[in-house]
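Asker: predicted model and sequence follow; I will ask about them next.
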Amino acid sequence: MLAMTFILFADIYEWFPEKWFDSVIYLQFVPSVLHFIAVFSLLTAGGFVAVLLLTLLTGRIYCSVICPLGILQDVVNRISRWRSRKKRFFKFKKAHPVLRYIFLGIMVVAIIFGAGFIVTWLDPYSIAGRTFTYLFKPATVWLNNTVTPILNNAGLYSASHKNLMQPSVLPFILSFAVIVAIGYLAWKRGRLFCNTICPVGTLLGEVSRFSLFKVRFNYSTCTRCGKCAAVCKSECIDTKNQKVDYTRCVACFNCLDVCPESALSFSPVKLKQPLKSTPEPAPGYAVSTHRHDKNRRKILVTLLALLAGKRIYALKKNKMPDQQKNLLLNEKDHPVAPPGAKSIDRFNAICTGCSLCVTACPTDVLQPALTEYGLRGFMQPHMDYITNFCNFDCVKCGEVCPTGAILPLTKEEKHLTQLGKAVFVEQNCVVYTDGTDCGACSEHCPTKAVNMVPYKNGLLIPKVDDSICIGCGACEHACPVDAPFKAIYVNGNAVHQLAEKPDFGEKKVINDDADFPF
């Protein structure tokens with residue numbers, strides 16, 4: 001599962017079809033829940049139901065063999081155990097139920113009220129997705145570009161150079177910081193993150209109280225040697241009292257492998273105790289439910305940029321040439337949400353910022369948002385037309401989105417979905433400022449919403465027909481004026497609209513039987 005999930009984000013050659021994406025992501029819990037809320041169909045978004053049923057049967061198998069973040073933690077912990085000289089790496093630790101339920105409550109409230117920016121930082125799949133996108137995929141591209149010349153020189157041309165996506169430094173830093181923090185907990189304490197912070201782990205832990213199959217002690221054969229607790233990465237086996245905390249057990253079965261007396265079993269019915277009953281807890285032993293003050297993980301995002309945005313632009317203008325100091329700043333009422341999002345509010349409420357669409361986008365126009373959506377949409381993808389433009393025929397993002405935040409569109413639907421409207425700023429255009437020909441925006445417009453009309457001195461200047469504009473950003477990307485003073489830019493629609501179908505005129509009939517004139 002870890003390998004397949006990684007391939008989804010690092011498939012730089014696009015070897016795997018979209019249906020393969022669905023089969024891997026279907027069982028990811030939070031994306032499945034959000035997808036169900038979006039489409040209300042158990043057939044296409046019922047993976048979370050399957051996970052719940054599986055948990056009722058076998059406990060938290062999801063956390064051990066399906067969740068990519070859980071498996072990543074196991075990899076880190078396995079390396080830690082290899083390097084450690086401790087004979088007993090783990091031991092039983094008390095649970096932190098109050099802390100767990102607080103994070104679970106935050107997640108439930110966030111999903112109910114559409115606070116996608118909170119879900120972004122608590123969903124384990126999304127955390128793993130951003131790790132793959134902003135850390136592992138660039139490493140994959142770098143390795144590919146290093147090996148490609150060597151293979152080409154040897155006469156092997158199956159590999160080719162790939163452009164390296166360069167997202168803003170803040171998403172990279174935050175993704176790195178989060179995965180390092182989780183990795184540190186895994187290095188020291190195994191699945192501490194899963195059993196203290198992760199709301200999915202807490203929810204499935206409560207469901208696993210009622211699971212049919214559980215790891216159980218056979219009190220008549222157990223010698224309380226403690227070997228099972230020493231390998232329990234959830235630190236949930238109390239050998240002293242011969243108990244297992246099923247809400248924290250992730251069903252890794254390490255304990256079954258090491259028990260020399262076979263005193264632990266994974267069974268559907270409670271073993272009979274003919275020799276002795278369950279021992280009473282040792283004196284003085286009690287489960288503590290005190291609160292911890294250590295988990296104050298508040299990420300300071302882009303407050304400085306929000307407060308000082310226009311001042312930064314003003315400083316930039318002061319350094320520009322004199323003929324460009326009168327350029328007007330691009331004023332956007334709304335950012336541009338991906339095609340299939342329907343509206344910005346809907347998108348922000350459902351998207352978890354897993355970044356699968358970012359890594360799947362062939363033109364890299366989808367980039368993680370910083371201040372574009374405000375705090376509510378931090379790290380959720382937006383259309384960054386400075387990086388590139390949206391391919392007219394591409395519908396990849398809707399095909400791979402696991403939550404339904406980006407609904408799939410046909411090419412015909414995509415051609416008429418208006419993400420925003422192009423706005424022309426004559427005062428910024430090089431035709432106006434430099435008295436020279438340009439027309440790059442018109443040449444790149446796929447719907448011909450930007451036409452060149454007579455201006456003066458034999459020059460032509462752009463004119464926008466926003467009724468057929470779809471907001472793909474081809475004009476904004478092609479404009480030679482530096483941002484944020486583009487002569488033409490896309491002002492996003494808060495709610496996506498339907499553009500009119502462009503009239504390309506009658507198609508000319510070409511006589512195929514005629515000879516070429518040269």
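Answerer: Yep, that arrived. Numbers count the residues shown, from 1 in each chain.
Asker: do you know how far the nearest residue to Gly190 once chain neighbours are set aside is from Arg130?
Answerer: With sequence-adjacent residues excluded and distances taken as C-beta to C-beta, 6 or more residues apart in numbering, Gly190 is closest to Lys233, at 3.2 Å. The way it works is simple: take the backbone N, C-alpha and C, and place the C-beta from them, glycine included. Distance from Lys233 to Arg130, counting by C-beta to C-beta, to the nearest Å: 24 Å.
Asker: more crowded one of the two?
Answerer: Under the neighbour definition other C-beta atoms under 10 Å, Lys233 and Arg130 were set side by side, and Arg130 has more, 30 against 23.
Asker: same for the strand or helix carrying that one, what does it pack against?
Answerer: In this assignment (DSSP states H and E), Arg130 forms part of helix 124-131. Judged by 3 or more C-beta pairs under 8 Å, 6 or more residues apart in numbering; DSSP states H and E, helix 124-131 is in contact with helix 29-39, helix 68-83, helix 116-122, helix 169-189.
Asker: redo those helices as a markdown table? Include distance to Ala360 and mean pLDDT.
Answerer: Shown next, in a markdown table, are the helices and strands packed on helix 124-131 (distance: least, C-beta to C-beta, whole Å; pLDDT from 0 to 100):
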| stretch | distance to Ala360 | mean pLDDT |
| --- | --- | --- |
| helix 29-39 | 14 | 92 |
| helix 68-83 | 16 | 95 |
| helix 116-122 | 18 | 90 |
| helix 169-189 | 16 | 94 |
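Asker: can you redo the ones you listed as JSON lines with mean neighbour count and distance to Tyr219?
Answerer: Converted to JSON lines, those look like this (neighbours: other C-beta atoms under 10 Å; distance: least, C-beta to C-beta, whole Å):
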{"stretch": "helix 29-39", "mean neighbour count": "22", "distance to Tyr219": "35"}
{"stretch": "helix 68-83", "mean neighbour count": "18", "distance to Tyr219": "29"}
{"stretch": "helix 116-122", "mean neighbour count": "22", "distance to Tyr219": "39"}
{"stretch": "helix 169-189", "mean neighbour count": "17", "distance to Tyr219": "28"}
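Asker: closest one to Val495 among those helices?
Answerer: Closest of the helices and strands packed on helix 124-131 to Val495 is helix 29-39, at 15.9 Å (criterion: C-beta to C-beta).
Asker: I'd like the helices and strands packed on helix 124-131 written out as a markdown table, with distance to Val425 added.
Answerer: What follows is the helices and strands packed on helix 124-131, written out as a markdown table (distance: least, C-beta to C-beta, whole Å):
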| stretch | distance to Val425 |
| --- | --- |
| helix 29-39 | 37 |
| helix 68-83 | 45 |
| helix 116-122 | 32 |
| helix 169-189 | 28 |
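Asker: all helices of the stretch 201-350 of the chain, in order?
Answerer: 227-230, 254-258, 303-318, 344-350 (DSSP state H, counting those that start in this stretch).
Asker: relative to Cys232, how far out is Asp257?
Answerer: Separation of Asp257 from Cys232 (C-beta to C-beta) stands at 11 Å.
Asker: neighbour count: these two, which is higher?
Answerer: Neighbours were counted for Asp257 and for Cys232 using other C-beta under 10 Å; Cys232 has more, 29 against 11.
Asker: quick one: contacts for that one?
Answerer: Shown in contact with Cys232 (C-beta atoms under 8 Å, 6 or more residues apart in numbering): 90, 92, 190, 252, 254-255.
Asker: name the member of those with the most neighbours.
Answerer: Gly190 (29 neighbours).
Asker: pretty sure that residue contacts Gln73?
Answerer: Yes. At 7.4 Å, Gly190 and Gln73 qualify as touching, with contact defined as C-beta atoms under 8 Å.
Asker: what residue lies at the spatial centre of this protein?
Answerer: What sits nearest the mean C-alpha location of the chain, by C-alpha atoms, centre = their mean, is Cys354, with 0.8 Å.
Asker: verify the stated contact: it with Pro31.
Answerer: Yes. Counting by C-beta under 8 Å, Pro31 is a contact partner of Cys354 at 6.9 Å.
Asker: which neighbours do these two have in common?
Answerer: With C-beta under 8 Å, 6+ apart as the test, Cys354 and Pro31 both reach 123, 125-126, 402-403.
Asker: can you redo those residues as a markdown table with distance to Phe21 and neighbour count?
Answerer: Listed next are those as a markdown table, based on distance: C-beta to C-beta, whole Å; neighbours: other C-beta atoms under 10 Å:
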| residue | distance to Phe21 | neighbour count |
| --- | --- | --- |
| Asp123 | 17 | 29 |
| Tyr125 | 13 | 26 |
| Ser126 | 15 | 26 |
| Pro402 | 8 | 27 |
| Thr403 | 13 | 29 |
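Asker: pick out whichever of those residues sits closest to Trp82.
Answerer: Once C-beta to C-beta is applied, the member of these that ends up nearest Trp82 is Tyr125, at 27.1 Å.
Asker: separation between the closest residue to the closest one other than its chain neighbours and Val395?
Answerer: In space, not counting the residues next to it along the chain, Tyr125 is nearest to Gln28; the distance is 4.4 Å by C-beta to C-beta, 6+ apart. Separation of Gln28 from Val395 (C-beta to C-beta): 22 Å.
Asker: compare the two (neighbour count), which wins?
Answerer: More crowded of Gln28 and Val395, by other C-beta under 10 Å: Gln28, with 30 against 18.
Asker: so what's the more buried one up against?
Answerer: 47, 66-67, 125, 402.
Asker: helix or strand with the lowest mean pLDDT in the protein?
Answerer: Every helix and strand of the chain was ranked by mean pLDDT, DSSP states H and E. The lowest is helix 303-318, at a mean of 40.
Asker: all helices of the stretch 351-500 of the chain, in order?
Answerer: In the stretch 351-500 of the chain, the helices defined using DSSP H, counting those that start in this stretch lie at 356-360, 396-400, 411-416, 430-433, 440-444, 474-478.
Asker: report all helices and strands that the last one contacts.
Answerer: Under the contact definition 3+ C-beta pairs under 8 Å, 6+ apart, helix 474-478 sits against helix 440-444, strand 488-498.
Asker: swap in the shortest one?
Answerer: Based on contacts counted as 3+ C-beta pairs under 8 Å, 6+ apart, the elements that helix 430-433 packs against are strand 460-464.
Asker: pLDDT on the strand it packs on, on average?
Answerer: Averaging pLDDT along strand 460-464 gives 95.
Asker: angle of it against strand 488-498?
Answerer: Angle, strand 460-464 to strand 488-498, by axes from the mean of the first three to the mean of the last three C-alpha atoms, to 10 degrees: 30 degrees.
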